[in-house]
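[1] how would this look folded up:
(chains A and B)
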Amino acid sequence: MISFFIRLWENILIAVRALAQNKMRTILTTLGIIIGVLTVVSVASIIEGLNKGFASQIASIGSNTIYVQKYPWVAGRDWFKYRNRPNITMKDAKYIQERMKNAEAIAPATSTRRSIKYRNNSLTAIGVSGVTMETEKIEGYNIDEGRYFAPLEIAKNKNSVVIGYEIKDKLFKNRYPIGEKIRIGTISYTVIGVMEKRGSILGHNLDSGVYVPVGSIFRNFGFHRSIQIMVRVKDPSMIEPAMDELRFLMRVSRKLKPHEEDNFSINQQEVLTDMYKKLTGGLYTAAIGIGMLSLLVGGIGIMNIMLVSVAERRREIGVRKALGAKRVTITFQFIIESVIICTIGGIIAILISYLFSVLIDKVTPFPSSVPLWSVLMGLGFSTFVGLFFGIYPARQAAKLNPIECLHYE
Amino acid sequence: MDALINLKDIVKTYQVGTVEVHALRGVDLQIQRNEYISIMGPSGSGKSTLMNIIGCLDSPTSGRYELESTPVHEMDDNQLAEIRNRKIGFVFQTFNLLPRASALHNVELPLIYSGVSASKRKVIAEEALDKVGLSDRKNHRPNELSGGQRQRVAIARALVNNPSLILADEPTGNLDSKTGEEIMRVFGKLNEAGNTIIVVTHEKYIADQASRIVRILDGNIADDLQLEEN
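    Alright, predicted model coming up:
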């Protein structure tokens, strides 16, 4: 056993010596392997990054919240069908609020985009969200300065506004905003509170909007709009019955006959996670496919170069055989050479994809990291390719007749 | 004591296309330990084939070959490799050193294949280089050495495993006459030290250094001449 490892080591030294003599060729030969491993490891690291960021953001939508909306989150090609659905109305929301048993909190919500203005400062296309008392509970709002709405302000559709964290900075600079009047569109609103910093979700900035009583949106900006109904349940086990109940209530509210399809959608975070899994699963399959293909091409390249190398080094092979190298020794020497080429390729690829990953992490909003399993898989595959595609050339080398080799010029 | 080499009715026939080439047509030859023998013959005579068979690089088509009483003619590839490794030291006309390896590494090669540990190997290889007067050149590569020095590295390599037999194929063919003589002096010394040496050559003055000359012609031994001590 020990002598096996000593021989292995001797062969590795011989191989490294041979490869070092042909640095350029060695590097070029590894290109196919590099591309293959790079593809797999890079995609794995990107997806791993997405998993860390994207998936946790989806989770922050709240697994306990159900959304009744006009459109499904994952629509596919039937967009036109959904467009012709009736809007979700405050009447639907009221109907549910009055009857739903499985809910912890229910809030209608709607939004619009307006420019807002304070003295000479104005901001365009700012998201204006209509909220209720329940919205605070469902979304988990926290107030940084001032206060949230009072029930009466919601009930009376007062022109009061709670502004997002970034809006305060942009509109008021260093001025104290509470009690000041701003214009949303053409309507004057009084600032009563500033939201705590909330960050962003799926690239959507949550701190750059303002919040007003939902009724005031209808009154000031038009009644013809679809709302969404947010329903929060106590714990995830309640999702199923709550979704069933919601569907039933909506169908009754809409007076749908048994044979008619739903003309609304009930959305839940799981739909997104499912879609996400499908998407990344597809990416993985594609990456592994491309990776395998380039490993195959790379492997054939390795085989080709090894055959060239064997032909070029016939004299060396002859000398080694004359001095007592057995067939198996020569076979071993050349297989190790091809394994080393491939492993070097694998290592280079992993280093490059690590650099990629750092770059993606720094330059794009997506986090990225190289998972250990993809490193091991990359190394494993490249070593295997070296082994597999090295066998044939190595056997060719071992079969050579020493007498002919010694006279080879 | 038995002969070192005992060849009995060695026949070697090659198939070249549809033509049968009779390289050796029944050679009988005995070589004793510590002999210094030249094998001569024009090209095509079969002397190279004979050398390859003696060197265990090739197997005879028929006949018996015993090396130190071991029947070699019935051995397979791997057994022959082991015999070459332990019992035969080769010196070639074109030196056949590994070009990118140091003199020391070249000399170590046979030891690698016989499984000697790295530290021991170095000591033994240095000793062998010392014997041919090259211990100060052990880290030089072949292209940094003169022809004569290269051939001496090759001789050190042939010596390093303490073989029963040193087989030299036209060892001076690529050297000028002065260097050639130098190399032949090395062989002379090795023979005095107890080594058995076979030199294959077509040059009379090289062959004359030996104590016995075997002449091959058309696949047979034409004559076998014991020289007086010179």
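
[2] CA only for contacts and neighbour counts going forward, please
    OK.

[3] Note down every partner strand of whichever helix or strand A:Val68 is part of and its orientation.
    Taking DSSP states H and E as the definition, A:Val68 sits inside strand A:65-69. Using DSSP bridges, the strands paired with strand A:65-69 are strand A:228-232 (antiparallel), strand A:265-268 (antiparallel).

[4] Quick check: what element follows the shortest one along the chain?
    Read in the C-terminal direction, the helix or strand following strand A:265-268 is helix A:269-312, with elements assigned using DSSP H and E.

[5] now the angle from that following helix to strand A:65-69?
    Interaxial angle of helix A:269-312 relative to strand A:65-69 (axes from the mean of the first three to the mean of the last three CA atoms, to 10 degrees): 100 degrees.

[6] rewinding a little: as a whole number, average confidence for the helix or strand that the strand holding A:Val68 is followed by?
    Once the chain leaves strand A:65-69, the next helix or strand it forms, by DSSP H and E, is helix A:79-83. Averaging pLDDT along helix A:79-83 gives 81.

[7] where does helix A:79-83 sit relative to the chain's centre, distance-wise?
    The chain centroid and the centroid of helix A:79-83 are separated by 28 Å, computed with CA atoms, centre = their mean, to the nearest Å.

[8] Now do whichever helix or strand comes after that helix: which elements does it pack against?
    The first helix or strand that comes after helix A:79-83 along the chain, using DSSP H and E, is helix A:90-99. Judged by 3 or more CA pairs under 8 Å, 6 or more residues apart in numbering or on different chains; DSSP states H and E, the packing partners of helix A:90-99 are strand A:105-118, helix A:239-253.

[9] So which of the ones you listed is nearest chain B?
    Of all these, helix A:239-253 sits nearest to chain B, with 71.0 Å by CA to the nearest CA.

[10] Tell me the gap between the closest one and the middle of its chain.
    In terms of CA atoms, centre = their mean, the centre of helix A:239-253 is found 31 Å from the chain centre.

[11] hmm, back to that, how far away from the center of its chain is the strand holding A:Val68?
    Its chain's C-alpha centre and that of strand A:65-69 lie 23 Å apart, by CA atoms, centre = their mean.

[12] So for that strand, mean pLDDT?
    Here strand A:65-69 scores 90 as its mean pLDDT.

[13] contact partners of it?
    Defining contact as CA atoms under 8 Å, 6 or more residues apart in numbering or on different chains, one finds that strand A:65-69 is touched by A:88, A:138, A:227-233, A:239, A:243, A:264-269.

[14] Any chance of the strands paired with strand A:65-69 in a markdown table with mean neighbour count as columns?
    Shown next, in a markdown table, are these (neighbours: other CA atoms under 10 Å in any protein chain shown):
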| stretch | mean neighbour count |
| --- | --- |
| strand A:228-232 | 25 |
| strand A:265-268 | 20 |
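
[15] Kindly reformat those strands as TSV containing mean pLDDT.
    Shown next, in TSV, are those (pLDDT from 0 to 100):
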stretch	mean pLDDT
strand A:228-232	92
strand A:265-268	88
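
[16] Quick one: those strands as CSV, columns for distance to A:Leu323 too.
    Listed next are these as CSV, based on distance: least, CA to CA, whole Å:
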stretch, distance to A:Leu323
strand A:228-232, 82
strand A:265-268, 75
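
[17] Of all those strands, which one is nearest B:Asp58?
    Closest to B:Asp58 of the strands paired with strand A:65-69, according to CA to CA: strand A:265-268, at 79.8 Å.

[18] any idea how far the closest one is from the chain center?
    Chain-centre distance of strand A:265-268: 22 Å, with CA atoms, centre = their mean.

[19] go on, stretch B:13-27?
    For stretch B:13-27, the separation from the chain centroid amounts to 23 Å (computed by CA atoms, centre = their mean).

[20] Contacts for stretch B:60-77 next, please.
    Contacts for stretch B:60-77 (CA under 8 Å, 6+ apart): A:326-327, B:2-13, B:26, B:53, B:56, B:59, B:80.

[21] Apply the buried test to these and list what passes.
    Neighbour counting by 16 or more other CA atoms under 10 Å in any protein chain shown classes A:326-327, B:4-12, B:26, B:53, B:56, B:59, B:80 among these as buried.

[22] just checking, which of those belong to helices?
    A:Arg327, B:Ile53, B:Leu80 (DSSP state H).

[23] Can you point out the buried residues in stretch A:98-113?
    A:Met100, A:Asn102, A:Ala103, A:Glu104, A:Ala105, A:Ile106, A:Ala107, A:Pro108, A:Ala109, A:Thr110, A:Ser111, A:Arg113.

[24] per-residue confidence at A:Val194?
    For A:Val194, the pLDDT comes out at 94.

[25] Please apply the same query to the one 10 residues further on.
    Predicted confidence (pLDDT) at A:His204: the value is 77.

[26] between the ones in helices among the buried ones among the contacts of stretch B:60-77, which is closest to A:Lys399?
    The closest of these to A:Lys399 turns out to be A:Arg327 (CA to CA; 7.0 Å).

[27] Identify the residues contacting the closest residue to the closest one other than its chain neighbours.
    Excluding the flanking residues, the one nearest A:Arg327 by CA to CA, 6 or more residues apart in numbering or on different chains is A:Ala398, at 4.8 Å. Neighbour list for A:Ala398: A:Lys326, A:Arg327, A:Val328, A:Ile330, A:Thr331 [criterion: CA under 8 Å, 6+ apart].

[28] where does A:Ala398 land on pLDDT?
    The predicted local confidence for A:Ala398 is 93.

[29] so how far is chain B from it?
    Distance, A:Ala398 to chain B, using CA to the nearest CA, to the nearest Å: 11 Å.

[30] Can you pull the phi/psi pair for residue 156?
    Reading this off chain A. Per-residue torsions, A:Lys156: phi -90, psi 10 (degrees, to the nearest 10).

[31] can you tell me which residues contact the closest residue to it other than its chain neighbours?
    Leaving aside its sequence neighbours, A:Lys156 sits nearest to A:Gly215 (CA to CA, 6+ apart; 7.9 Å). Contacts for A:Gly215 (CA under 8 Å, 6+ apart) come out as A:Gly130, A:Ile154, A:Ala155, A:Lys156, A:Asn157.

[32] element containing A:Gly215, please.
    helix A:214-221.

[33] Then B:Asn78?
    Using DSSP H and E, B:Asn78 falls in helix B:77-87.

[34] Could you identify the helix or strand that succeeds that helix?
    Per DSSP H and E, helix B:77-87 leads on to strand B:88-91 as the next helix or strand towards the C-terminus.
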